[in-house]
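Engineer: Need a 3D model of the sequence below.
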Amino acid sequence: MRASTIGKVVPLILAICLAGVGCTGSSTDSVSPNPTYKNSGCASVLTATKRALRGVGVAVGLDEAEDELIAARDQLAIYELTADDTLRTDAQQLHDALAKLYDTLQSDPNDKVLNAAVTTAAKRLGVIQRRCGSPPSATSELPAGAKKIKHVIIVMQENRSFDHYFGTFPGADGIPMKNGVPTVCIRNPATGGCTAPFHISDVVHEGGPHTLETSRADINGGKMDGFIAEWNKTRTYCLDPEHAGGQKCQTKSNYPAVVGNHDSREIPNYWEYAKQFVLQDHMFASNMGWSQPAHLAIVSGWSAACKSPYVAITCRPSVTFNDVDAAWPDAPSYGWTDITYLLEKFGVSWRYFVAPGSVDDCEGTTDEQIHCTPGVGDFEPIGTPEPWNPLPDFTTVQENNQVGNVQFHPKFFKAAREGTLPSVTWVMPGWYDSEHPPESVASGQAWVTRVVNAVAKGPNWKSSAIFVAWDDWGGFYDHVPPPKLDKFSYGLRVPAFMISPYAKRGMIDSQELSFDAYLKFIEDLFLDGRRIDPYTDGRWDPRPRVAEEAPDLGDLMKEFDFSQKPRAPIVLPPYPSP
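Structural biologist: As a prediction, this is how the structure comes out:
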């Protein structure tokens, strides 16, 4: 990087706040935002400077960092130096931090030193950002009565698409039909034609591949017709010429389960929850990855791979296999910030519940490659696979001594029974109750029903909101192309519903949602709208965007009517009669 370049960049940072923005106050990390955010010029300058810092993170001191800083200079150069007197100390501190960052880059630093320099600059930029105001979405007021919700429970199951479970649900954005007959047909290489979606009564069946590449192939530029072709690539038994001509394989080829769909005959409890409470028919996985990146996004709003989990600047966006350690959970893998960092910082209780048994016994780089074995001496059953249990692998969780907040299911049921649920709860299934093909749909529904019943019958029911979703589409057909936010987001649509005594009855919520909406809901309810934002949360990481601030992301608060009398709980049998 040339000294002449940084010499032009750094002084121009002094123009961060423009005439008319109305920034006031003395230099301090504790500042109140301007309630208005009307000056788009200030927003543009902040955005350009963030891009430069994130660019340094991506480039890790290579020549590309210079291009990002030049881009920031070009953005800043169109503004005058008009910062008012009260802001100049803050601007000078940012100036000094950027100058130090430049010196650090010039010295060929190691990752840890560079990370510290970027973190300091980001912290100073965060002060000015708060001084200049925040976007309305980050400062919006809660609806009256929202604080009646004191317990948020997120239940996450495995590998199903929305159309697979709710494609024929009345009123939902389901499988396109005319006179009860599907008007869509998914191309089928095995028949040379296509196969229309059909009802499937088996509760044990195959899913399809669900990697980043499969996701793109299934979407196929918005045609949503790649599901059977991708499934065909993985059915090893039937691809063997010795078996391909058999009746079983012929039936599978003509009517693959990946385009089959269930209804109230197989999943009556799920349909009853949707009828009585809120069905979310535009819930998309946060990214186009498999289970591991999905679960990372659920707790952190991002999925990445880190060269060093102790140095956030080494983390890069990734939706493939991101676990780098060989001794889970003794050493971390994930160096960016997760939601529990903020929860712990502001005294909000949380627990993450997993199945008893071996939790580090399922390894593999994709769901198709995971190999699970029983525990020691074949006496310990498979519990919650490691990819569904990422929090112990976060540096933040280990450094904050919070690994003990990841606990086994019996403690969840005890807390629900006694009325001692924490403010934020995640409940992950064991392998056998997960609905991950080929595991039984009926067993998974029974598990979810037990979880919901435990809350419904306990003292915390009147202050709870239960969100149930599936982590990715599992290779199953869905007809809605996911919105495009960035390289990896969003993933395909998944089933999701909300249960609460304050839920609007029978609502179908068609807002654009992702798992990021859960984080936003938690942050708004318990953290006064604070976000996992590297420029305001006090812990920098190079995430490309604040996921909760996606412009079209819906607001889960709209699913509640806090003025209504708390509704009585609905307790359903785990295994309902046919």
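
Engineer: Setting aside sequence neighbours, what's the nearest residue to residue 495?
Structural biologist: residue 165 (4.3 Å; Cβ to Cβ, 6 or more residues apart in numbering). C-beta: built from backbone N, CA, C; applies to glycine.

Engineer: The one you found and residue 266 touch, don't they?
Structural biologist: No: here residue 165 does not reach residue 266: they are 9.0 Å apart, not a contact under Cβ atoms under 8 Å.

Engineer: Secondary structure element for the residue nearest to residue 495, which one?
Structural biologist: Assigned by DSSP states H and E, residue 165 belongs to helix 162-166.

Engineer: quick one: strands adjacent to the next helix-or-strand element following that helix?
Structural biologist: Using DSSP H and E, the next helix or strand after helix 162-166 towards the C-terminus is strand 177-178. Within its sheet, strand 177-178 is paired with strand 181-182 (antiparallel), according to DSSP bridges.

Engineer: which outside residues touch the strand it pairs with?
Structural biologist: Strand 181-182 is contacted by residues 175, 176, 196, 197, 198 when judged by Cβ atoms under 8 Å, 6 or more residues apart in numbering.

Engineer: which two from these end up farthest apart in space?
Structural biologist: 176 and 198 (14.0 Å; Cβ to Cβ).

Engineer: And the pLDDT at residue 416?
Structural biologist: For residue 416, the model assigns a pLDDT of 98.

Engineer: Same check on residue 121?
Structural biologist: 84.

Engineer: got it, and the one 4 residues further on?
Structural biologist: What the model reports for residue 125 is a pLDDT of 82.

Engineer: which residues does it contact?
Structural biologist: 46, 49, 50, 53, 94, 535.

Engineer: Is it possible to get a markdown table of these that adds pLDDT, distance to residue 223 and secondary structure?
Structural biologist: Below are these laid out as a markdown table (pLDDT from 0 to 100; distance: Cβ to Cβ, whole Å; DSSP: H, G, I helix; E, B strand; the rest coil):
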| residue | pLDDT | distance to residue 223 | secondary structure |
| --- | --- | --- | --- |
| 46 | 70 | 39 | helix |
| 49 | 70 | 40 | helix |
| 50 | 77 | 36 | helix |
| 53 | 78 | 39 | helix |
| 94 | 73 | 48 | helix |
| 535 | 87 | 39 | coil |
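
Engineer: What is the nearest of those residues to residue 309?
Structural biologist: For these, the nearest to residue 309 is residue 53 (20.5 Å; Cβ to Cβ).

Engineer: Where do the strands of the stretch 301-450 of the chain begin and end?
Structural biologist: When secondary structure is read from DSSP state E, counting those that start in this stretch, the stretch 301-450 of the chain shows strands at 304-306, 315-317, 350-354, 362-363, 371-372, 406-408, 424-427.

Engineer: Near residue 247, how many other residues are there?
Structural biologist: Neighbour count for residue 247, taken as other Cβ atoms under 10 Å: 7.

Engineer: Distance of it relative to residue 153?
Structural biologist: Residue 247 is 45 Å from residue 153, where distance means Cβ to Cβ, to the nearest Å.

Engineer: can you check residue 511 too?
Structural biologist: Here the distance between residue 511 and residue 153 works out to 21 Å (Cβ to Cβ).

Engineer: So for those two, which residue has more residues nearby?
Structural biologist: Each of residue 511 and residue 153 has its neighbours counted (other Cβ under 10 Å); residue 153 has more, 26 against 16.

Engineer: Assumed the more buried one was part of a strand.
Structural biologist: Yes: Residue 153 forms part of a strand when assessed by DSSP: H, G, I helix; E, B strand; the rest coil.

Engineer: which residues touch it?
Structural biologist: By Cβ under 8 Å, 6+ apart, the neighbours of residue 153 are 421, 425, 426, 427, 451, 455, 464, 465, 466, 467.

Engineer: Out of those, the closest to residue 106 would be?
Structural biologist: residue 426 (44.3 Å).

Engineer: That closest one and residue 210, how far apart?
Structural biologist: Counting by Cβ to Cβ, the gap from residue 426 to residue 210 is 21 Å.
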